[in-house]
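K.L.:
what's the 3D shape of this:
(one chain, ligands or ions: 2)
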Amino acid sequence: MSITVFVGGGNMARAIIGGLLRHGRPASSIHVVEPHEATRVALQHDFGIAAHAQADAVVEQASLLVWAVKPQMLHGAIESLRHRLAPCLHLSIAAGITTDTLAVWLGSERIVRAMPNTPALVGKGMTGLFARAGASAADRDEAQAVAQAMGQSLWVEQEAQLDAVTAISGSGPAYVFYFLEAMREAGQQMGLSADQAYQLAVATFEGAAALAADSTEPPEVLRQRVTSKGGTTYAATTRLDELDVKARFIEAMQACRDRAAEMARQFS
Ligand SMILES: NC(=O)C1=CN([C@@H]2O[C@H](COP(=O)(O)OP(=O)(O)OC[C@H]3O[C@@H](n4cnc5c(N)ncnc54)[C@H](O)[C@@H]3O)[C@@H](O)[C@H]2O)C=CC1
Ligand SMILES: O=C(O)[C@@H]1CCC=N1
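P.N.:
Ligands and ions are numbered 1, 2, ... in the order given. Below is the predicted model:
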């Protein structure tokens, strides 16, 4: 049985582990190294997997190591396991740490970097993947299987493109939640309860996303269908255009992309 060891058992590791179990991986094939006791207890309780406080001999038997700690903790985590590292595939989900840096820290070229997102927690994740040249076709397949246990996935051929993936889908759920906050607030100002406004807003995102996913038409056309000349939607989108919201939004996404690139330089 091939063993997968997660280093870090937080939010994203939970999402991946839940997905792997739903896709039929045996709980006995999954281990976690996680220093925080309450997190270990919860992982053991919720998933029936083994959770270790520190480097365990099982790390040497792993065919896949998933690095799921915060970027600033990653170097230390690798160092603490270095004496246990055997040849295996390394899958890192840490934002902004390049495979050049990882190859040095890990002393391995079998590396795939992934940028997942939090909808993975409900099996609706979107993950961008980049494989270092030293990763084999089988390594790529394994990384993709892990990503697809959380939802959809997409490969990029240049590592810098992962920064753009971060700006769209990695951080993207936060933009959607930001809009949900605004729609809830606006609804309240217009006389609805917060719950009513929120229910309307969430259902609207869900429905619009499903419509876009199901349609062969671009979003411009889908938007036109909602918009009667001189009508209500027109009033709203005209105001958005006057305020230059699209350009400002693109600037915000560029700030996200730039921060990912800056983190890559900081950690190199
Ligand atoms: N939250 C998000 O939306 C996304 C996060 N990421 C990346 O995923 C990674 C993990 O993020 P989260 O799960 O949100 O963080 P988290 O804080 O929920 O989980 C990290 C876990 O690592 C543990 N940890 C700390 N030091 C450790 C060590 N030396 N060895 C083993 N475990 C250690 C912590 O106790 C914690 O449980 C980050 O690198 C982040 O950049 C990537 C895509 C999306
Ligand atoms: O904010 C962050 O740095 C991480 C990476 C993508 C989503 N959350």
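K.L.:
Phi, psi for the residue lying closest to residue 126 once chain neighbours are set aside please.
P.N.:
Nearest residue to residue 126 in three dimensions, chain neighbours excluded: residue 169, at 4.3 Å (CB to CB, 6 or more residues apart in numbering). For glycine as for every other residue, the C-beta is placed from the backbone atoms N, C-alpha and C. Phi and psi for residue 169, reported as degrees, to the nearest 10, are phi -100, psi -30.
K.L.:
which stretches of this protein form helices?
P.N.:
For the chain, the helices defined by DSSP state H cover 11-22, 37-47, 58-61, 71-81, 99-106, 137-148, 161-165, 172-189, 194-214, 219-226, 232-242, 245-266.
K.L.:
So what touches the fifth one?
P.N.:
Read that as helix 99-106. 67, 74-75, 78-79, 85, 90, 92, 109, 111, 113, 130, 132, 134, 159, 264, 267-268 (CB atoms under 8 Å, 6 or more residues apart in numbering).
K.L.:
one more time with 7 Å, if that's ok
P.N.:
75, 78, 85, 90, 92, 109, 111, 113, 132, 159, 267-268 (CB atoms under 7 Å, 6 or more residues apart in numbering).
K.L.:
can you list the domains in this protein?
P.N.:
4-157, 171-264 (the TED database).
K.L.:
how about those, which one is nearest residue 165?
P.N.:
domain 4-157 (3.2 Å; CB to CB).
K.L.:
distance between the closest one and the chain's centre?
P.N.:
12 Å (CA atoms, centre = their mean, to the nearest Å).
K.L.:
Span of it from start to end?
P.N.:
End-to-end distance of domain 4-157: 25 Å, with CA to CA, to the nearest Å as the criterion.
K.L.:
Residue of the stretch 1-150 of the chain nearest ligand 1, please.
P.N.:
residue 10 (1.8 Å; CB to the nearest ligand atom).
K.L.:
residue contacts, that residue?
P.N.:
39, 68 are the contacts of residue 10 under CB under 7 Å, 6+ apart.
K.L.:
And it, how far from residue 77?
P.N.:
Distance of residue 10 to residue 77, given as CB to CB, to the nearest Å: 12 Å.
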